[in-house]
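K.L.:
Below is the sequence, then the predicted model.
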Amino acid sequence: MSYIAQSTIQAVNHTIDALAVVGDYVRLEQRGGRYVGLCPFHNEKTPSFTVNPDLKLYHCFGCGKGGTVLNFVMEMEKLSFPEAVTLLAKRFGVPLVYEGQQDPGASLRIQEFEEKTELYRRVAGSFHYLLMQSPEGNRAKQYILSRGLGVETLERFRLGYAPADRRWLFLFLSKKGYSEAFLASSGLFSSKYPRYSFFSGRLMFPIADPQGRTIAFGGRLVSGEGPKYLNSPESDLYKKGQTLFALDQALSAIRKTKAVYIAEGYMDAIALHQVGITNAVAPLGTAFTDEQAQLLRRWAERVYLFFDADSAGHQAALKAILTCRRNGLAAEVVVPGSSGETEAAYKDPADILQEAGPEALQKTAKNSIIDFKYLIIRSRSFFDLSGSEGKAKACAFMFPYLETLDSEVSRMASIDHIADAFGVDRMAIIHDYTSHFNATPRYVSRRGKEEENPQTGESIRMNDELYLLIAVSVHYRLYPKLRTSLLIKEIEDPWAKELFIALEECFIYDESGMDAFLSRISREDLRNFVVKQAASREFSSNPEQLVSDGIKRVKQRRLEKRLHEIVMELRMAERGTAEELLDEKRHKDAELRRMKEDKQ
Ligand code: ZN
């Protein structure tokens, strides 16, 4: 799809009323020029959450969260950046323009998207009619009812039937006026024989995007020959690794519970919906991917993996656990059979529903264990823990999981648990782990010393240079003054330098607004630091004075430093260079004097 134009993003930033937007979620009170409220991101009784309506920034002094109002909406609604822009554009009446929309190619793509999803919607409707009403579809209907699904579920998921006659769909759609070329490119027909339907004699599962627009189909064979399951080919519209079956149906329940069940197949996801577990989705004939995890991360915090109770299912669960953890999702694994009532003979959710009934499926779904415990149980069954070799292997099996943990504290806690579970010395695990990942033994030296994190470097401290650059960031209109007074190379502090570069980039590319500026800062800790400072209101009064004083201070410090260097150099200088240095010293002394006099 196309990107939202930079001009639209800027217009949205300029137009939105920060107090109104944040006020939807937080009750704000004015206190001496500041707007404060109870932070929605952490529990508190006295307000430490502040909003700066001029800069359209928020910051919480309690938990440290902060950013632009756009970031706030993204966080609260679990939206992507373009989605948040779209939402606010609609609310404040800013027309949405997409990048390159002037170019007819882009609008054609949007038009094509709409035409294709409309075609898919109609085809899904026709297949659904054939399943529910036609004698030919009856066999498929009986099959699906025999699996324990009710008629309302068939309606809700718009399940359908594709006739065995491969020419039927083409004739049907041609009569509706669709051109042969359009149909050939629709993904519904064989690439070799463009009048022959891709799907025939199959029970059809429409696959939708999160907004509920049909973008592909999955088909299960009911009669004739061929693979048991078949999916639409990938297209601009449909990327299987980025799509989840039933997500459109599950979204409201996922939002509510902040949790999601992942089953292996269409039938499994639908079976869970049938018994009231409506936050269930399924990947589309692939392993659970990082893109799918990131998609779910917008709404969910926890994933329940409900896979087959066979070895392929276990393998899939192991991979999915790592995918979840890597993408910031907590994971639990549903373990059929451990309740003692449902035996492992029932393989997957659809089987459990069919063979043991809805209550058994509901009960099993609640039977989950956290991923770490699951991995310990699996490694106990894979390896012989009576010998040291088996123990070493069992520990190594846990390493990829340890690697996905984002905090040292939880990693150390997990290592302690592994040591207990396998009867291994924890230092031995740490040693093996660090050599496995070819890393320095950071866990030993850094234990209990959180602040010495090499990834984030030393903490950011305020200094004259940084103070000046933040003042200019807050009052961007003063940037031209700064760039004619100081050069980037004259700045020493690395943080201030990075802000200077970001400001210069905004200047060159003619972007304004805190959002554009912040997006050019790559380090998150620096970004947070700027937001925190900007929100403090320290920079709000008399900005011109603040900036010109700041420039003077930085220049003065620089001069003093250079003079000090000259004195040091003079002590060691030869006669010829000493003359030069003395000249420079006289010159700089005079400059410094002028500067100090000017200050009064
Ligand atoms: Zn907070």
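P.N.:
Noted; the coordinates are in hand.

K.L.:
quick one, domains of this structure?
P.N.:
As given by automatic domain parsing, the domain ranges for the chain are 3-99, 112-237, 247-376, 383-436, 464-599.

K.L.:
so where's the stretch 451-600 of the chain shaky on pLDDT?
P.N.:
The stretch 451-600 of the chain contains residues with pLDDT under 70 at 451-458, 572-577, 599-600.

K.L.:
same question, the chain
P.N.:
1-2, 100-110, 337-346, 436-458, 572-577, 599-600.

K.L.:
All the strands of it, in order from the start?
P.N.:
In the chain, the strands defined using DSSP state E lie at 29-31, 34-37, 49-52, 57-60, 66-68, 160-162, 202-208, 214-221, 229-231, 259-263, 280-281, 302-306, 330-334, 368-370.

K.L.:
follow-up on the earlier one: can you list the domains of the chain in CSV and add mean neighbour count?
P.N.:
In short, each C-beta sits where N, CA and C put it, glycine included. Shown next, in CSV, are those (neighbours: other CB atoms under 10 Å):
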stretch, mean neighbour count
domain 3-99, 18
domain 112-237, 17
domain 247-376, 20
domain 383-436, 16
domain 464-599, 16
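
K.L.:
Could you list which residues are in contact with the residue nearest to residue 528 when sequence neighbours are not counted?
P.N.:
Once flanking residues are discounted, residue 528 sits nearest to residue 66: 6.1 Å by CB to CB, 6 or more residues apart in numbering. Neighbour list for residue 66: 57-60, 528, 531-532, 535 [criterion: CB atoms under 8 Å, 6 or more residues apart in numbering].

K.L.:
let's see it at 10 Å
P.N.:
By CB atoms under 10 Å, 6 or more residues apart in numbering, residue 66 lies in contact with 41, 49-50, 52, 57-60, 72, 527-535.

K.L.:
Against the ion, how distant is it?
P.N.:
Counting by CB to the ion, to the nearest Å, the separation of residue 66 from the ion is 9 Å.

K.L.:
Is that residue bridged to anything, and to what?
P.N.:
Beta-bridge partners for residue 66, by DSSP bridges, are residue 59.

K.L.:
For residue 259, see how far away the spatially closest residue to residue 255 that is not a sequence neighbour is.
P.N.:
Nearest residue to residue 255 in three dimensions, chain neighbours excluded: residue 299, at 5.2 Å (CB to CB, 6+ apart). As judged by CB to CB, to the nearest Å, residue 299 and residue 259 stand 9 Å apart.

K.L.:
Then residue 70?
P.N.:
In this view, residue 70 and residue 259 are 27 Å apart by CB to CB.

K.L.:
now residue 469
P.N.:
Per CB to CB, residue 469 is found 43 Å from residue 259.

K.L.:
For the closest residue to residue 349 other than its chain neighbours, which residues are in contact?
P.N.:
Distances taken as CB to CB, 6+ apart place residue 268 nearest to residue 349, at 4.1 Å, with adjacent residues excluded. Residue 268 is in contact with 245-246, 261-262, 280-282, 306-308, 347-353, 361, counting by CB under 10 Å, 6+ apart.

K.L.:
cool, residue 465 as well?
P.N.:
Contacts of residue 465 (CB under 10 Å, 6+ apart): 486, 490-497, 499-500, 550, 553-554, 557-558.

K.L.:
and of these, the nearest to residue 232?
P.N.:
Nearest to residue 232 among the contacts of residue 465, counting by CB to CB, is residue 499 at 48.3 Å.

K.L.:
dump the residue contacts of residue 74.
P.N.:
Contacts of residue 74 (CB under 10 Å, 6+ apart): 67-68, 80-85, 87, 298.

K.L.:
what about 8 Å?
P.N.:
80-81, 83-84.

K.L.:
Also within reach of the ion: list those from those.
P.N.:
For the ion, no contacts are drawn from those by CB under 5 Å from the ion.

K.L.:
so which of those residues comes closest to residue 292?
P.N.:
residue 80 (14.2 Å).

K.L.:
For the closest one, what are phi and psi?
P.N.:
phi -80, psi 170 (degrees, to the nearest 10).

K.L.:
my guess is it contacts residue 298, does it?
P.N.:
Yes: Residue 80 is within contact range of residue 298, at 6.7 Å (criterion: CB atoms under 8 Å).

K.L.:
who's in contact with the most centrally placed residue in the chain?
P.N.:
By CA atoms, centre = their mean, the chain has its centre lying nearest to residue 294, at 4.5 Å. Counting by CB under 8 Å, 6+ apart, residue 294 touches residue 327.

K.L.:
quick thing: my sequence starts at 8, can you match it?
P.N.:
Let's use 8 as the start, then, which means that last one is residue 301.

K.L.:
and it, how far is that from the ion?
P.N.:
Remark: distance between residue 301 and the ion (CB to the ion) = 24 Å.

K.L.:
Perfect, that will be all.
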